[in-house]
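K.L.:
The sequence and its predicted three-dimensional model are supplied below.
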Amino acid sequence: MALIKSVRGYTPKFGANCFLADNATVVGEVKMGDSCTVWFNAVVRGDVHSITIGNNTNIQDGAIIHCTYQKANVVIGNNVSIAHSAIVHGCTIEDNVLIGMGAIIMDDAVIGTGSVIAAGAVVLPGTKVEPGSVFAGTPAKKVKSVGAEMTEVIARTARNYPMYAEWYKK
C-alpha cells in the first residue's frame, strides 16, 4: 500500500479513481484530481508548500514532485505525463504536457499547454515555455514546435496510464 502521510496538519486529498502504486509516497498539502496515477517509487512531497494536480495526470516511476518552502508551489494541469525519474520542483505545468524521462523542471518555470520537455532536459528557474513548444538540452531551449504527431503522443500517453492502472486493480 502506498505511503500517504499527513504533515504539518495537511493530509493529501485525492479525486475519484486515482491509482497509487504500492511504494509510491504522497505527503502533506497535495490535492490530486480524478483518474490520476502515481507509479512505483514516485514521490509527491507537499511538506513545504502546496502541490495541486489536475485530472488524468500520471506521475511515473521514480519521479519527484516537490516545492520550495514558503516560496514556490507546484501546479500541474490536466492530461500531463511526468515520465520516469523526472523532477518537477516549484513550477507550473499547464494542460496536455509531456515531461520526458529524467527531465528537471526548476522553480518558477512555466511549461505552456501542449508542450514537450525532452528526456534529460534541464529547465532553469523562471523559464517560460511557450505553448506548443519542444524544449531540449541543458539548459533547455526551444528546438521546434509540437506537430500533429507529437500532439497525439501527448494525448495517447495521458490516455494510456489510467488503463495501465486498471491492470493492477484486478
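P.N.:
Yes, it's here.
K.L.:
Could you report the distance from A63 to A2?
P.N.:
In this view, A63 and A2 are 14 Å apart by Cβ to Cβ, to the nearest Å. (C-beta placed from N, C-alpha, C; glycine too.)
K.L.:
Neighbour count for those two, which is higher?
P.N.:
When neighbours are counted by other Cβ atoms under 10 Å, A63 and A2 differ, and A63 comes out ahead with 26 against 18.
K.L.:
so the more buried one sits right up against V88, yeah?
P.N.:
Yes: between A63 and V88 there is a contact under Cβ atoms under 8 Å: 7.1 Å.
K.L.:
Between the two, which contacts overlap?
P.N.:
Both A63 and V88 are contacted by I82, under the criterion Cβ atoms under 8 Å, 6 or more residues apart in numbering.
K.L.:
can you map out the helices along this protein?
P.N.:
Secondary structure of the chain (DSSP state H): helices at 148-168.
K.L.:
and N160, how many residues sit next to it?
P.N.:
Burial of N160 is recorded as 12 neighbouring residues (other Cβ under 10 Å).
K.L.:
for V110, same thing?
P.N.:
Around V110 there are 17 other residues, counting by other Cβ under 10 Å.
K.L.:
Same question for A121.
P.N.:
Neighbour number of A121 under other Cβ under 10 Å is 23.
K.L.:
Which residue is the nearest non-sequential neighbour of it?
P.N.:
Nearest non-adjacent residue to A121, counting by Cβ to Cβ, 6 or more residues apart in numbering: A140, 4.1 Å away.
K.L.:
which ones are touching that neighbour?
P.N.:
So A140 contacts 103, 117-118, 121-124, 127, 129 (Cβ under 8 Å, 6+ apart).
K.L.:
gap between it and S6?
P.N.:
In terms of Cβ to Cβ, A140 sits 35 Å off from S6.
K.L.:
ok, now S81?
P.N.:
Look at S81 and S6: by Cβ to Cβ, they are 28 Å apart.
K.L.:
higher neighbour count, these two?
P.N.:
Legend: neighbour count by other Cβ under 10 Å for S81 and S6, higher for S81 (27 against 11).
K.L.:
give me the number of residues near the residue lying closest to that one once chain neighbours are set aside?
P.N.:
Residue nearest to S81 in three dimensions, not counting chain neighbours: T157, with 4.4 Å by Cβ to Cβ, 6+ apart. Neighbour count for T157, taken as other Cβ under 10 Å: 16.
K.L.:
State the pLDDT value of T157.
P.N.:
On the pLDDT scale, T157 is placed at 98.
K.L.:
who's in contact with it?
P.N.:
Contacts of T157 by Cβ under 8 Å, 6+ apart are 58, 81, 98.
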